[in-house]
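Student: okay, sequence plus prediction incoming.
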Amino acid sequence: MIPGLLCLPDWLDEDDRQDLMAEIDAAPWSSPLKRRVQHYGHRYDYGSRGVAADAPAPPLPGWALKLARDLHEEGYFENEPDQVIVNEYEPGQGISAHVDCVPCFGPVVASISLLSHCVMDFTHPEDKSRVPVPLAPGTLCVMTGPARYTWRHAIPARKTDPAPVGRLPRSRRVSATFRTVL
C-alpha cells in the first residue's frame, strides 16, 4: 500500500453526512475553477499556488471547528487544523495529480468524502506506480509521511469509476479537506 496513507470508511455515518451537507450547501460557493469551492480559515490562491495573505477567508464555521477538534482529539493532527477547502465535483470532473503545497501546509492532510464515491489515484513520482484508492461517502483519508510529501494524488475526470462488479456511475461529490497553515 502507500506508506502514510490511512483511509477510514464510514468515519462519518449517513445522518452526520446529511447534516454536514446541509450546512455546507447553506454557505456560498465560489467558482475560480471549473469546480465550485469554499475556503475557510485561509484562502488558497490557485494562481500563485500558495496561501493568499492578501485575500482573507471566512473563519472556520461551526461544522468545521467540530470536525477539526475531532481530528485533533482522535490523534490525526498535533494541533487543530486551521484551514479547510470544500470542493464540489460533478460527474466528469476531477483534480489533476498533485502534492498539497509543501511550504504552505503542515505534515497532515485529511479529507472527508461526501455524497458520491470516487477513486483517488496515488502515483509515485519515480517509478510511476499507481495505486487506485476507492473512497466511499463518509471515508476519512489521512495523508502523512510519503503519502503526504512524495506520492501525488488525483481524481481522474470521468463519469464512472472501476469497481469489483463493473463500473459505478458518479454523482455529485463533495470533499472537505483539513490542513494546518505553516
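Tutor: All right, it came through fine. Predicted model, so just to flag it, every value in this text is computed and none were measured.

Student: please, where are all the helices along this structure?
Tutor: 14-26, 62-73, 145-149 (DSSP state H).

Student: for those helices, which one sits closest to D121?
Tutor: The closest of the helices of the chain to D121 is helix 145-149. By Cβ to Cβ, the value is 12.7 Å. Placement of C-beta: from N, CA and C, glycine included.

Student: buried stuff in that closest one?
Tutor: A147, R148 (16 or more other Cβ atoms under 10 Å).

Student: and what of stretch 11-26?
Tutor: Neighbour counts over stretch 11-26 (16+ other Cβ under 10 Å) mark W11, L12, D16, R17, L20, M21, I24 as buried.

Student: will you turn those residues into CSV that also has pLDDT?
Tutor: Shown next, in CSV, are those (pLDDT from 0 to 100):
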residue, pLDDT
W11, 98
L12, 98
D16, 98
R17, 98
L20, 98
M21, 98
I24, 98
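
Student: same list (those residues) but as CSV, adding distance to M120.
Tutor: Shown next, in CSV, are those (distance: Cβ to Cβ, whole Å):
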residue, distance to M120
W11, 15
L12, 17
D16, 21
R17, 18
L20, 20
M21, 20
I24, 20
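
Student: tell me the contacts of the residue lying closest to F178 once chain neighbours are set aside?
Tutor: In space, and not counting its chain neighbours, F178 is closest to P81: 4.0 Å by Cβ to Cβ, 6 or more residues apart in numbering. P81 makes contact with G41, A68, L71, H72, V108, A110, F178, R179, T180 under the criterion Cβ atoms under 8 Å, 6 or more residues apart in numbering.

Student: again, 7 Å this time
Tutor: A68, L71, F178, R179, T180 (Cβ atoms under 7 Å, 6 or more residues apart in numbering).

Student: ditto for R35
Tutor: Taking Cβ under 7 Å, 6+ apart, one finds N87, E88, Y89, Q93 in contact with R35.

Student: need the pLDDT of the second one.
Tutor: At E88, the pLDDT value in this model is 97.

Student: returning to what we had before: ok, so of the buried residues of stretch 11-26, who is nearest V99?
Tutor: For the buried residues of stretch 11-26, the nearest to V99 is W11 (22.9 Å; Cβ to Cβ).

Student: report the contact partners of that closest one.
Tutor: W11 sits in contact with I112, G138, T139, L140, where contact means Cβ under 7 Å, 6+ apart.
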